[in-house]
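S.K.: sequence? don't have it. structure:
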């Protein structure tokens, strides 16, 4: 199965960019995903990238994929207080998703 | 469009007692998942249904956990008897089908505390 690792915490000042990093092990993962979880809520799909892409941009979100290094990152531009949450990356393999432990992003004023 | 609905949101029980969680997926979503989320961890798949068939239950501890999705719509996850280590959040998710397997819609979860 897929093993996914993430850094656990990130603190960023409001208005700055956030970069959340993730590494995965299964090179056959066809899609890689970013989910967001706010306190007391379920996970919400933010964006995903197909494995034959290097980059995907969606408004304030930019996903970068380095297949050689099996490294995925999520950049949030102009980070707002509403972006404070836990962010999970996930890889798809064997008809199921494998999630990392999540990165807790704290936005400070 | 209504989201994935789970109940109860919170449950506190003593060890060795039974507990059940219910999930109603988004209308038209054939695939239903139960995930376990321990504190500080990402969700881990317990079971996946395609309509009423459990197609992946390899991670479900079958000695005490059971699940059903009799009519291919809503689903129930049961633990009997509960142990202290079962304290966690149980998340239900649904998707349109196997082809959309990464595009999951999650419910708010059922938080279980076993005393």
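M.R.: Cool, got the structure. This one's a predicted model, so the numbers in the text were calculated from it and none came from an experiment.
S.K.: residue contacts, residue B:16?
M.R.: B:81, B:82, B:83 (C-beta atoms under 8 Å, 6 or more residues apart in numbering or on different chains). For the C-beta atoms, the positions are set from N, CA and C on the backbone; glycine is no exception.
S.K.: Who is the residue positioned nearest the centre of chain B paired with across the strands?
M.R.: Geometric centre of chain B, nearest residue: residue B:34, 2.9 Å, by C-alpha atoms, centre = their mean. Counting by DSSP bridges, residue B:34 is bridged to residue B:47, residue B:92.
S.K.: buried ones in the helix or strand containing residue B:66?
M.R.: Using DSSP states H and E, residue B:66 falls within strand B:65-68. When burial is assessed from 16 or more other C-beta atoms under 10 Å in any protein chain shown, strand B:65-68 yields the following buried residues: B:65, B:66, B:67.
S.K.: Please pull up the helix or strand immediately following it.
M.R.: strand B:75-79.
S.K.: Any of the contacts of residue B:16 buried? List them.
M.R.: Buried members of these, counted by 16+ other C-beta under 10 Å: residue B:82.
S.K.: sorry, back to before: just the buried residues of strand B:65-68 now: which is nearest chain A?
M.R.: Comparing the buried residues of strand B:65-68 against chain A with C-beta to the nearest C-beta places residue B:67 closest, at 15.4 Å.
S.K.: give the contact list for that closest one.
M.R.: Contacts for residue B:67 were tallied using C-beta under 8 Å, 6+ apart; they are B:34, B:46, B:47, B:49, B:54, B:57, B:60, B:75, B:76, B:77, B:78.
S.K.: measure it to residue A:38 for me?
M.R.: 27 Å (C-beta to C-beta, to the nearest Å).
S.K.: same for the helix or strand of chain A with the lowest mean pLDDT, what does it pack against?
M.R.: In chain A, the helix or strand scored least confidently by mean pLDDT, DSSP states H and E is strand A:96-99, which has a mean of 86. Applying 3 or more C-beta pairs under 8 Å, 6 or more residues apart in numbering or on different chains; DSSP states H and E, one finds that strand A:96-99 makes contact with strand A:85-93, strand B:44-50.
S.K.: For the next helix or strand after the shortest one, what does the pLDDT average out to?
M.R.: Toward the C-terminal end, the helix or strand that comes next after strand B:44-50 (DSSP H and E) is strand B:53-56. The average of the pLDDT scores along strand B:53-56 is 92.
S.K.: Check stretch A:41-57 too.
M.R.: 92.
S.K.: Mind listing the strands the least confident helix or strand of chain A pairs with, and their directions?
M.R.: strand A:85-93 (antiparallel).
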